[in-house]
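Visitor: fold the following for me, if possible:
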Amino acid sequence: GTGMRSHYCGGINESHIDQEVTLCGWVHRRRDHGGVIFLDLRDRDGISQVVFDPDTPESFNLAEKVRSEFVIQVTGRVRRRPAGTENANMPTGQVELLGKQLSILNAAATPPFPLDEHVDVGEDVRLKYR
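Guide: Sure thing, here's the model as predicted:
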């Protein structure tokens with residue numbers, strides 16, 4: 001079916017390697033690393049790591065605009081994470097999704113400072129945005 005998703009983020013594992021899947025959720029975290037964009041995609045079931053590389057320029061350029069808490073839908077191919085990048089703390093930590101198609105379903109209004117109590121935000125910023 002042409003539903004929103006084929007799987008939940010927390011359900012992707014080695015049994016899905018080389019399968020095409022569609023995930024839908026909130027962007028938990030975004031990282032740029034060595035010319036590649038990593039998105040941690042979160043739904044009610046867990047978190048999956050999605051990778052966009054410049055070989056798919058359209059999706060890559062869109063991924064550059066994605067920020068935390070954007071709601072996105074992504075279709076791609078599950079692959080084993082490169083040796084040394086596995087995350088034993090995550091059920092999905094052995095695999096990642098190589099993103100091929102990306103849709104931004106809802107662009108979040110990112111707050112002016114990270115919603116993370118460990119970040120020390122200047123008093124002037126807090127006052128300005130309270």
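Visitor: find the residue at the geometric middle of this structure.
Guide: Against the mean C-alpha coordinate of the chain, by CA atoms, centre = their mean, the closest residue is residue 39 at 2.6 Å.
Visitor: can you tell me what sits against stretch 93-109?
Guide: Contacting residues not belonging to stretch 93-109 are listed as 12-14, 16-17, 20-21, 23-24, 39, 41, 48-53, 56, 59, 62-63, 65-81, 86-87 [CB atoms under 8 Å, 6 or more residues apart in numbering]. (Each C-beta comes from the backbone N, C-alpha and C, glycine too.)
Visitor: before we move on, the earlier item: check contacts around the residue nearest to the centre of the chain.
Guide: Residues in contact with residue 39 (CB under 8 Å, 6+ apart) are 27-30, 49-52, 63, 66, 72, 74, 99.
Visitor: read off the pLDDT value for it.
Guide: Model confidence at residue 39, given as pLDDT, is 97.
Visitor: for residue 82, helix, strand, or coil?
Guide: At residue 82, secondary structure determined by DSSP: H, G, I helix; E, B strand; the rest coil is coil.
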